[in-house]
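Student: Build me a model:
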Amino acid sequence: MFRAAVFDLDGTFIDSTDAIIASFFHTFDALGEPRPPREVLTAGIGHVLEDQFALYTDTDPFHCTGIYRAYYGTICNEMTTLLPGARETVEQLTQAGLKLGFATSKQRAFAEQILDYLGVLDFFESRIGPGDVTHPKPHPECVQRSLDNLGVQPNECIFVGDTDFDVKACAAAGVPCIAVTTGYNTRAQLQALSPLAVLDDLHEVTDLILASTRGAVSP
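Tutor: Residues are numbered from 1 along each chain as shown. Okay, the predicted model is just below:
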């Protein structure tokens, strides 16, 4: 029976693609360098930001991220939306007695800013960003930290994510993972990693988790 649920954010719980791409474009414009294609940038969402810039430019990636984040902070609220079913998911899971957390590659300050703006921040007891761990996904550290924060064992927690990084981090931590197709990996890519389930939206995620809390599903 699950006692807690932890969510990735980008592509899983929120749609922040437009804000992310706009911030990349702003950064390359500020550097006077050509913009990489949108689809190339989109495919890299979820990776460490400095690593992404290192792929696209010879400019110091930390200088790039400084430009990016200064701009992103001014647009991220208005350009980010909850994915369908997100609010209902946290409401229903909280009502069912589950503790909730998020573990994201987005800076925790931005994640908290956005979720507060969208009116759902207070649902999350555990909040993990890249600055809270030494090793990013697919290393299991962020999942393990989430377990510690929520006071649960690996088999008592479900993680919801949209990328191979999420599934691999959960596998290494011994935590079951639901993968959703609303983000940046295809169904085939996710299924190849054998998560607990591959689902199409958060409504389906909520149904599976609630069924498990009633003993109808065994992870």
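
Student: switch to C-alpha atoms for all contacts and neighbour counts from now on
Tutor: Will do.

Student: wait, N149 sits on I128?
Tutor: No - counting by CA atoms under 8 Å, N149 stays clear of I128, with 9.4 Å between them.

Student: From the neighbour counts alone, determine which of these two ranks first.
Tutor: Ranked by neighbour count (other CA atoms under 10 Å), N149 and I128 place I128 first, with 23 against 15.

Student: Look up phi and psi at the residue nearest to that one when sequence neighbours are not counted.
Tutor: Among residues not flanking I128 along the chain, A103 sits closest, at 4.6 Å (CA to CA, 6 or more residues apart in numbering). The phi and psi values for A103, taken as degrees, to the nearest 10, are phi -140, psi 110.

Student: could we number from 30 for the rest of this?
Tutor: Fine by me, first position is 30 from now on; the one you just mentioned is A132.

Student: Now do A132 against R67, distance only.
Tutor: 25 Å (CA to CA, to the nearest Å).

Student: still on that earlier bit, give me the neighbour count for the residue nearest to I157.
Tutor: Using other CA under 10 Å: A132 sits among 27 other residues.

Student: Regarding the residue of the chain most remote from its centre, what are the backbone dihedral angles?
Tutor: Relative to the centre of the chain, the most outlying C-alpha is that of G61, 30.5 Å out, by CA atoms, centre = their mean. Here the main-chain torsion angles of G61 (degrees, to the nearest 10) amount to phi 70, psi 30.

Student: before we move on, what about P224?
Tutor: According to degrees, to the nearest 10, P224 has phi -70, psi 180.

Student: Contacts only, for it.
Tutor: Applying CA atoms under 8 Å, 6 or more residues apart in numbering to P224 gives the contacts V196, P205, C206, I207, A208.

Student: Excluding chain neighbours, what is closest to the second one?
Tutor: Excluding its sequence neighbours, the residue lying closest to P205 (CA to CA, 6+ apart) is I187, at 5.4 Å.

Student: so after the helix or strand the one you found falls within, what's the next helix or strand?
Tutor: Assigned by DSSP states H and E, I187 belongs to strand 186-190. Next along the chain after strand 186-190, taking DSSP H and E as the criterion, comes helix 193-202.

Student: Tell me which other helices or strands the helix or strand following that next one touches.
Tutor: Using DSSP H and E, the helix or strand that follows helix 193-202 in sequence is strand 206-209. Counting contacts by 3 or more CA pairs under 8 Å, 6 or more residues apart in numbering; DSSP states H and E, strand 206-209 packs against strand 186-190, helix 193-202, strand 226-228.
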